[in-house]
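A.B. asks: mind folding the following:
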Amino acid sequence: MKEKRLFVALFIVVIFMSYLLTNLLDSPGLVIITFTFFIGLMGYITYLSNTLLKITLEIESLRNPHTGLQTKYELYKKAQTLDLADYYLTYFSINNFQEIINVCGISYSPMIEMMVKDKISSIVPDADIYEIKEATHLLMTRYPIDIKQIISEFDKPLKGHNHIETFNLNAKIITFDHEVSITKPIQEILQIFDYAHQVLEKSKQHVLLIKDDFIHQMEEETYFKAHIESALKNEDIVSFFQPKYDSVTKKIIGAEALSRWLNQETLVSPSKYIYIAEASGLIYDLDLISFDNACRLIKRLAKEDLLEETFKVSTNLSTITLKNLKAKTLETMIDKHQVNPKHLSVEITESIAVDYNAIKPLLDGIFKLGITIEIDDFTAGNSSLTVLSLMHASIVKVDQAVLPKLIDNSSNETMIYQGIVSLLKQLKFTIVSEGVETLEQDQFVSALSVDIIQGFYYSKPLPKESFITLLKTTV
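C.D. replies: Numbering: from 1, shown residues only. Alright, predicted model coming up:
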């Protein structure tokens, strides 16, 4: 098809040049010479194109000289004539291949490649084995493979070199549930395997079974990755506000601004896109949107005479944002909306204290602006209480993970929570109990005299107008 398009394009060029020369030079002899030249040029370019295409295909299909295994391109060709639903597909990757090479030397690469091939062949002698890329293979069989046997074999130490003998092969194995209808082209199937391998890497597990829900998850993530930037530009990512309640008066005394994505009028859970935003660096933009929306809410509440003296709206600042943000940026946003910074607070996780020196200038700047600093997810990180005071923090949110689901005064969970609250009180921090979802939990944290309560027992995060309506009922 490409050759036909090239031929047609060149033929049109020849006709056009002939017409041009006929009109400009009025010389039939010169036209014939030019026409002949372009015909020859067209043939030569077509020949070169075909030759380069053949060379490219031959290079791509070259087999590994050490293992002789079939290549990914042979797999593509064979898959065109097969019904993949009749086969069991197993994706097999050696994760520590490069680590072994780094220790033992590149000259041992052929030896290790042959070890991998021999191990696979001994366990699955009838499998078609395709080398997808370095240390990564696809096995195609008519029967299911014994994954435990493969793991057991690859866990055995290697032999043949003093350094190699200190290693075993760290195998990651991914298979399709045979009930999953494999109707996709082989190229898409390999993309699914690659995605599954990334999931295994993050989970630090060794085996993964691909089911329909996993494929749906991958397709959903792919969609969000492709659309999150445009969602930001189109202002489809908005802020919802979860009320914070005074533990004694039960009045709303603040709110937390939380990012929400309205995708075609459907609310997307933050768990589905926040980590994508973090990986892409777009979390910085999300955080600034939340801060800007917090300023807008404060301005609106002040205009409607709903803003109490101690009312605060908090926003989260991720690690990425903290490392790139300037206090001047926040100051500019505050000035734009003409709001008092005492009604604003920023929530940062305690784990950021590990990089305290890197973010100290920003925290100093935020503190000087009059914005309150809150420590979020306290007890989930690894900071010390000494560093918390250096970070200018005055409010601490106890991580909801340590709030007991069932209150039992003799349980370790209950006593740990009581101890955390008692310690924070002695250090004069304002304490927020987050994640309160039941009456029993509410009564428990209220009895501990925490200062602020936040959770679904009182209210889920609300759109701005719904939040304002709720606030009016408690004023």
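
A.B. asks: any stretches of the stretch 51-200 of the chain with poor pLDDT?
C.D. replies: 51-62, 160-163, 181 (pLDDT under 70).

A.B. asks: how about 50 then?
C.D. replies: For the stretch 51-200 of the chain, residues meeting the criterion pLDDT under 50 lie at 58-59.

A.B. asks: all the helices of it, in order from the start?
C.D. replies: 72-79, 97-104, 109-123, 147-154, 186-203 (DSSP state H, counting those that start in this stretch).

A.B. asks: with mean neighbour count as new columns, can the ones you listed be given to me in CSV?
C.D. replies: Glycine gets a C-beta too; all of them are placed from N, C-alpha and C. Output for these, formatted as CSV (neighbours: other Cβ atoms under 10 Å):
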stretch, mean neighbour count
helix 72-79, 16
helix 97-104, 16
helix 109-123, 17
helix 147-154, 15
helix 186-203, 16
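
A.B. asks: tabulate those helices (JSON lines), appending distance to residue 360.
C.D. replies: Shown next, in JSON lines, are these (distance: least, Cβ to Cβ, whole Å):
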{"stretch": "helix 72-79", "distance to residue 360": "50"}
{"stretch": "helix 97-104", "distance to residue 360": "36"}
{"stretch": "helix 109-123", "distance to residue 360": "46"}
{"stretch": "helix 147-154", "distance to residue 360": "47"}
{"stretch": "helix 186-203", "distance to residue 360": "31"}
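
A.B. asks: so residue 94 sits against residue 132, correct?
C.D. replies: No: counting by Cβ atoms under 8 Å, no contact exists between residue 94 and residue 132, whose distance comes to 11.8 Å.

A.B. asks: still on that earlier bit, what's the closest of the helices of the stretch 51-200 of the chain to residue 334?
C.D. replies: Residue 334 lies closest to helix 186-203 among the helices of the stretch 51-200 of the chain, at 37.8 Å (Cβ to Cβ).

A.B. asks: which secondary structure elements does that closest one sit against?
C.D. replies: Secondary-structure packing of helix 186-203 (3 or more Cβ pairs under 8 Å, 6 or more residues apart in numbering; DSSP states H and E): helix 72-79, strand 88-94, strand 171-176, strand 207-210, helix 212-233.

A.B. asks: adding distance to residue 458, write these out as TSV.
C.D. replies: Formatted as TSV, the helices and strands packed on helix 186-203 follow (distance: least, Cβ to Cβ, whole Å):
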stretch	distance to residue 458
helix 72-79	56
strand 88-94	47
strand 171-176	44
strand 207-210	39
helix 212-233	29
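
A.B. asks: phi and psi next, for residue 234.
C.D. replies: phi -90, psi 0 (degrees, to the nearest 10).

A.B. asks: residue contacts, it?
C.D. replies: Contact partners of residue 234, counting by Cβ atoms under 8 Å, 6 or more residues apart in numbering, are absent.

A.B. asks: same thing but 10 Å
C.D. replies: Taking Cβ atoms under 10 Å, 6 or more residues apart in numbering, we find residue 234 in contact with 227, 262.

A.B. asks: so what pLDDT did residue 448 get?
C.D. replies: Listed pLDDT for residue 448 reads 94.

A.B. asks: which non-adjacent residue is nearest it?
C.D. replies: Distances taken as Cβ to Cβ, 6 or more residues apart in numbering place residue 421 nearest to residue 448, at 4.9 Å, with adjacent residues excluded.
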